[in-house]
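> predicted structure and sequence below. I'll ask about it afterward.
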Amino acid sequence: MKALDELTFDNRFARLGDAFSTHVLPEPLDEPRLVVASKAAMALLDLDPAVAETPVFAELFGGHKLWAEAEPRAMVYSGHQFGGYTPQLGDGRGLLLGEVYNQAGEHWDLHLKGAGMTPYSRMGDGRAVLRSSIREFLASEALHALGIPSSRALCVIGSSIPVWREKQERGAMVLRLAQSHIRFGHFEYFYYTKKPEQQAELAKHVLNLHYPECREQPEPYLAMFREIVERNAEMIAKWQAYGFCHGVMNTDNMSILGITFDFGPFAFLDDFDAHFICNHSDHEGRYSFSNQVPIGQWNLSALAQALTPFISVDALKEALGLYLPFYQAHYLDLMRRRLGLTTAEDDDQKLVEGLLKLMQNSGVDYTLFFRRLGDESAELAVKRLRDDFVDLAGFDAWAERYIARVARDGDYTQEQRRGRMHAVNPLYILRNYLAQNAIAAAEAGDYSEVRRLHEVLSKPFEEQAGMEQYAQRPPDWGKHLEISCSS
Ligand code: AMP
Ligand code: MG
């Protein structure tokens with residue numbers, strides 16, 4: 001276990017130099033205070049969890065102090081936003097403080113979001129508000145606990161500094177951890193600004209540090225791109241299987257590691273709705289829940305375009321062709337497990353689709369349905385769940401197919417079935433209204449609800465005593481909260 005001053009840095013990205021990032025010091029927050037910290041994320045840095053409560057913790061992650069070895073840098077990138085190319089983006093309010101390596105030899109980027117203006121701030125104020133910082137914190141840690149690849153969050157630091165969004169809010173910072181903060185948009189930036197040397201340097205950096213095993217392949221860059229395709233397909237399969245809607249899948253928000261990245265107006269589905277749009281500025285539904293699958297491929301082709309200097313177009317096309325089959329395989333595998341199935345049959349896809357259609361028509365709660373399906377035997381569970389459906393004849397027909405399918409699947413006890421299903425079907429999910437309650441309390445100075453919600457969501461598959469209120473459908477006011485993309 002380390003104290004805060006014992007972190008060891010190795011700032012590999014900063015060493016790429018000024019073509020890739022700009023040195024900027026954080027602008028400190030007034031009266032920094034700890035809102036919430038993640039012990040699990042602290043463990044990634046070998047940090048003793050007790051240090052979160054010390055004043056120096058809030059000073060470090062509130063921008064007041066820096067380690068001598070830190071080298072804060074704002075990264076430059078660009079990207080396709082809502083389908084159109086924006087030539088110049090970058091860390092407008094975030095700073096890569098440095099890369100810490102832990103005892104296991106892993107490097108973790110420390111990235112402070114809300115750290116003030118940078119050369120890439122454009123019209124922005126360089127700040128992040130408490131509301132969005134709490135949302136990013138809760139989501140990163142909750143996705144990780146569900147087994148969905150994601151950036152992590154170490155802590156949120158609150159302050160008294162006023163920040164203007166639709167109304168006056170308070171500024172905050174979230175400390176994000178990831179093994180890399182390189183986005184698809186980094187490659188696009190050097191490609192479209194016609195800087196082949198820097199682009200080659202970036203590609204080499206990513207290959208050597210993040211995809212070293214691909215160097216053994218005859219075409220290392222192609223192997224790396226294939227791996228990026230597969231990781232993204234797997235990540236999006238998990239989003240779809242668990243009802244996560246990202247909301248702003250611009251290529252500057254897509255990680256080169258295939259982890260969920262840059263949380264804005266995201267949402268987990270309450271009622272199943274394939275057409276759900278969580279970002280209220282996404283008028284055309286480009287990033288609606290079901291569109292996430294084709295958009296994943298669209299984003300990968302934008303990256304592929306930027307990789308044409310290193311990989312032939314035919315090979316890139318072939319690798320892109322792997323996306324849908326990878327996605328389908330991961331998605332179906334997870335959905336089978338969510339249904340309690342251990343074997344594969346050709347018609348399983350139809351069984352899943354049939355269920356989703358019925359859930360869509362009846363507005364059935366996506367998370368609780370699967371949890372309850374495992375509570376009892378298939379026969380008893382469908383009897384109890386039947387009341388949630390409007391199309392009873394349709395549900396009965398589906399239930400009959402499901403029961404027959406479960407019977408063919410194997411001979412196991414209900415104990416075994418429940419254990420297996422509850423291990424993949426969460427009881428607790430980050431519902432928008434739960435986040436909203438925690439934010440309202442935090443804005444009034446009470447951080448206990450954020451901390452409790454974070455704790456509950458860190459073990460989403462485990463029933464926790466006294467936490468029934470976190471495993472309910474939303475109340476009427478919390479059903480269709482409009483999430484602003486201002487953050
Ligand atoms: P986002 O929609 O949060 O992914 O941000 C898109 C771009 O706008 C990124 O380059 C951000 O760094 C930048 N940005 C977002 N909010 C702000 C802000 N308040 N101040 C400065 N830059 C911002
Ligand atoms: Mg972004």
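Happy to help now that I have it. Numbering: from 1, shown residues only. Ligands and ions are numbered 1, 2, ... in the order given.
> C-alpha only now, for contacts and for neighbours.
OK.
> all helices for the stretch 101-250 of the chain, in order.
Ranges of helices in the stretch 101-250 of the chain, per DSSP state H, counting those that start in this stretch, are 130-146, 184-192, 196-210, 220-242.
> how about the strands in this structure?
Taking DSSP state E as the test, the strands found in the chain are 21-23, 33-37, 73-75, 79-81, 84-86, 94-101, 107-113, 128-129, 152-164, 168-178, 244-245, 267-268.
> would you mind giving these as a markdown table with mean pLDDT and mean neighbour count added?
Shown next, in a markdown table, are those (pLDDT from 0 to 100; neighbours: other Cα atoms under 10 Å):
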| stretch | mean pLDDT | mean neighbour count |
| --- | --- | --- |
| strand 21-23 | 98 | 20 |
| strand 33-37 | 98 | 23 |
| strand 73-75 | 98 | 26 |
| strand 79-81 | 98 | 21 |
| strand 84-86 | 98 | 14 |
| strand 94-101 | 98 | 26 |
| strand 107-113 | 98 | 25 |
| strand 128-129 | 98 | 26 |
| strand 152-164 | 98 | 23 |
| strand 168-178 | 98 | 24 |
| strand 244-245 | 98 | 24 |
| strand 267-268 | 98 | 24 |
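> can you redo the helices of the stretch 101-250 of the chain as TSV with mean neighbour count and mean pLDDT?
Shown next, in TSV, are those (neighbours: other Cα atoms under 10 Å; pLDDT from 0 to 100):
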stretch	mean neighbour count	mean pLDDT
helix 130-146	24	98
helix 184-192	25	98
helix 196-210	16	98
helix 220-242	23	98
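> in JSON lines, list those helices along with distance to F9.
JSON lines is the format used below for these (distance: least, Cα to Cα, whole Å):
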{"stretch": "helix 130-146", "distance to F9": "23"}
{"stretch": "helix 184-192", "distance to F9": "23"}
{"stretch": "helix 196-210", "distance to F9": "15"}
{"stretch": "helix 220-242", "distance to F9": "26"}
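> just to revisit the earlier point, export the strands of the chain as TSV, with columns for distance to L303.
Below are the strands of the chain laid out as TSV (distance: least, Cα to Cα, whole Å):
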stretch	distance to L303
strand 21-23	20
strand 33-37	34
strand 73-75	18
strand 79-81	9
strand 84-86	12
strand 94-101	23
strand 107-113	22
strand 128-129	28
strand 152-164	24
strand 168-178	20
strand 244-245	21
strand 267-268	26
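> so can I have a markdown table of those showing distance to ligand 1?
Supplementary listing: the strands of the chain in a markdown table, determined by distance: least, Cα to the nearest ligand atom, whole Å:
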| stretch | distance to ligand 1 |
| --- | --- |
| strand 21-23 | 13 |
| strand 33-37 | 20 |
| strand 73-75 | 9 |
| strand 79-81 | 9 |
| strand 84-86 | 10 |
| strand 94-101 | 6 |
| strand 107-113 | 9 |
| strand 128-129 | 6 |
| strand 152-164 | 9 |
| strand 168-178 | 10 |
| strand 244-245 | 15 |
| strand 267-268 | 15 |
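> how about the residues of the stretch 1-150 of the chain near ligand 1?
For the stretch 1-150 of the chain, the contact set with ligand 1 under Cα under 6 Å from any ligand atom comprises 89-93, 121, 124-128.
> and those, which are buried?
For these, a burial check counting by 16 or more other Cα atoms under 10 Å picks out 89-93, 121, 125-128.
> could you dump the residues you listed to a markdown table with distance to E69?
Shown next, in a markdown table, are these (distance: Cα to Cα, whole Å):
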| residue | distance to E69 |
| --- | --- |
| L89 | 27 |
| G90 | 23 |
| D91 | 21 |
| G92 | 23 |
| R93 | 21 |
| S121 | 25 |
| D125 | 27 |
| G126 | 24 |
| R127 | 24 |
| A128 | 25 |
